[in-house]
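Undergrad: Provided below for reference: sequence and predicted model.
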Amino acid sequence: MNENNRHQTPVVSWLLCSCQSDILLERAIKSCLVQNLVDFELLLVINGVNARTISQHLHEKYKQDSRVRVVETPIHLLNFSLSLGLHLARAPYVARMDADDVSHPDRLARQLDFMERHPSVAVLGSAYELIDEIGGVHGIVSPPESDSDIRRCLRYRNPICHPSVLLRKQAILQVGGYLGGQNAEDYDLWLRIALDPAWQFANMPDVLLSYNSAPGGAARRSRRAYANVAAAQLRNFLISHDPRWFVGAAFSAAKSLFRANRA
């Protein structure tokens, strides 16, 4: 990054974390860099045992692009990488992105316009299409759009696609960032935001992301993931005394017994 751009504050910070470098990561990065909105930075947080090698490769590959920042950490867990990236992000808005997904060119422009017209929205997702590793489309998912519908769903499941979201950094920092919930770090964050009625959720009906469904979400169906979901739901029940959170925790506990695919 050259010195002229180093001290300029972008409008949006992309936050993309990865523990490997492959053709899918290159595809994801390219989709972030070819946005219609040009005032952004791309923050790549590389983690795990190979972080140094991968980050050096990415530094070399994108050294001429002042929008790209690469940081590394040997800590493999995603929630740490996300909080590290959130800490380093310079923009007031943070756009999440996964290393095997594809953002559509108008994503940032549309989401930023929505957020600036709705200052109480802290988390903005979108509809998304399901793709495989070679880009074949296998369907479209249209999540609930309004704050009330999203909050209703949050008690029992996650109605927000994490890599589709644009986050208002102020709100996320206010609740402590990504604190935990391995394989459920986004749901844990949503539930802490849900305790504050001053902030709202929204999903845009526009399909702004191609979500790679090829891996099948095995980690999110693990016993550890269900346990972390249930723990977040139980925490909200104990804080709010709303019995619907307790019912949600019971459902998640049941899923860990009958639907989990591994420990």
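TA: Received the coordinates, thanks. Residues are numbered from 1 along each chain as shown.
Undergrad: next, the buried residues of the lengthiest strand in the chain.
TA: Secondary structure of the chain per DSSP state E: the longest strand is strand 200-212. Residues of strand 200-212 classed as buried: Gln200, Phe201, Ala202, Asn203, Met204, Val207, Leu208, Leu209, Ser210, Tyr211, Asn212 (neighbour count, 16 or more other C-beta atoms under 10 Å). Where C-beta positions appear, they are placed from N, C-alpha and C, glycine not excepted.
Undergrad: surely Arg90 meets Leu42?
TA: No. Using C-beta atoms under 8 Å, Arg90 is not in contact with Leu42; the gap is 11.6 Å.
Undergrad: residues shared between the contacts of those two?
TA: Ser13 (C-beta atoms under 8 Å, 6 or more residues apart in numbering).
Undergrad: neighbour count winner among the two?
TA: Neighbours per residue, other C-beta atoms under 10 Å: of Arg90 and Leu42, the larger number sits with Leu42, 22 against 17.
Undergrad: what helix or strand does that one sit in?
TA: strand 40-47 (DSSP states H and E).
Undergrad: partner strands of that strand and their direction?
TA: Here strand 40-47 is paired, per DSSP bridges, with strand 12-18 (parallel), strand 68-73 (parallel).
Undergrad: of the ones you listed, which is nearest Arg223?
TA: With respect to Arg223, and counting by C-beta to C-beta, the nearest of the strands paired with strand 40-47 is strand 12-18 at 23.3 Å.
Undergrad: downstream of that closest one, the next helix or strand is which one?
TA: That would be, after strand 12-18 and using DSSP H and E, helix 23-33.
Undergrad: and the angle for that following helix with strand 200-212?
TA: Relative orientation of helix 23-33 versus strand 200-212 (axes from the mean of the first three to the mean of the last three C-alpha atoms, to 10 degrees): 130 degrees.
Undergrad: show me what counts as buried in helix 23-33.
TA: Along helix 23-33, these residues count as buried under the neighbour rule (16+ other C-beta under 10 Å): Leu24, Leu25, Arg27, Ala28, Ile29, Ser31, Cys32, Leu33.
Undergrad: correct me, but Asp39 touches Ser13?
TA: No. Checked against C-beta under 8 Å, the pair Asp39 and Ser13 is beyond contact range at 10.7 Å.
Undergrad: so those two - more neighbours on which side?
TA: Neighbour count, other C-beta under 10 Å: between Asp39 and Ser13, Ser13 has more, with 23 against 14.
Undergrad: can you tell me which residues contact Glu145?
TA: Listed by C-beta under 8 Å, 6+ apart, the contact set of Glu145 reads Ala202, Asn203, Met204, Pro205.
Undergrad: okay then, goodbye and thanks.
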